[in-house]
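> Fold the following and give me the result.
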Amino acid sequence: MHATDHTPRFADLSEQSARALLARNHVGRLAFAFRDRVDIQPIHYVYDGDWLVGRTVIGSKLVTLAHHPWCAFEVDEVHGLFHWDSVVVHGSFTMLDPKVGSSDLYLRAVELLQRFIPGTLSSHDPVPERAILFAIHIDELRGRSARPAGD
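Okay, here's the model as predicted:
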């Protein structure tokens, strides 16, 4: 055996594989920056073509993103130290408010979220405090993978 036989393999995911990973999962990490501080928070989401949609509560994240909407979003599937897939999205964060011009996307987000979590925005909502809907437009998409040697 050569030393390279034990080297893990790293590769880019195809766009199709990266989008499939986004579609399979529903929890990711939203990263955003304000001045000299970068923050990252886990959120649940639903993938829909060129959009990720979700919901959240009023807080500092929304205040920051309202003024600086550029963000990154990451989703991983980890099976081992050198056996994982990861997708990073760069895009713009938009709060969805049907009164301010995003009514089609708002209605689509409600439909997707109700399929994902039945009871969303109803009296049976398991997290009624998460009443603010948002969307992240996928401007850039990049996926990477690692596989153990010999796979």
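> Tell me where the model's unsure across the protein.
1-5, 101-102, 151 (pLDDT under 70).
> quick one, longest strand in it?
Of all the elements of type strand in the chain, the one with the most residues (DSSP state E) is strand 132-147.
> What pairs with that one, parallel or antiparallel?
Strand 132-147 has the following strand partners under DSSP bridges: strand 9-12 (antiparallel), strand 51-56 (antiparallel), strand 83-96 (antiparallel).
> Enumerate the positions of stretch 56-71 that are buried.
When burial is assessed from 16 or more other CB atoms under 10 Å, stretch 56-71 yields the following buried residues: T56, K61, T64, L65, C71. (Each C-beta comes from the backbone N, C-alpha and C, glycine too.)
> Endpoints of that stretch, how far apart?
The first and final residues of stretch 56-71 sit 15 Å from each other (CA to CA, to the nearest Å).
> hmm, who's touching the longest helix along the chain?
Once the chain is assigned using DSSP state H, the helix that runs over the most residues is helix 103-116. Under the criterion CB atoms under 8 Å, 6 or more residues apart in numbering, residues 26, 44, 46, 48, 51, 53-55, 94, 96-98, 120-121, 133, 135 lie in contact with helix 103-116.
> Now, of these, which are buried?
Using 16+ other CB under 10 Å, the buried ones in those are H44, V46, D48, W51, V53, G54, R55, T94, L96, T120, L133, A135.
> which of those sit farthest apart?
Using CB to CB, those span at most 18.5 Å, a distance reached by T94 and T120.
> Kindly indicate which of the buried residues of stretch 56-71 lies nearest R37.
Using CB to CB, T64 comes nearest to R37 of the buried residues of stretch 56-71, at 8.9 Å.
> And that closest one, which helix or strand is it part of?
Following DSSP states H and E, one finds T64 within helix 60-67.
> Could I get the buried residue list for the helix or strand just after that helix?
Downstream of helix 60-67, the first helix or strand assigned by DSSP H and E is strand 70-80. Along strand 70-80, the positions that meet the burial threshold by neighbour count (16+ other CB under 10 Å) are C71, A72, F73, V75.
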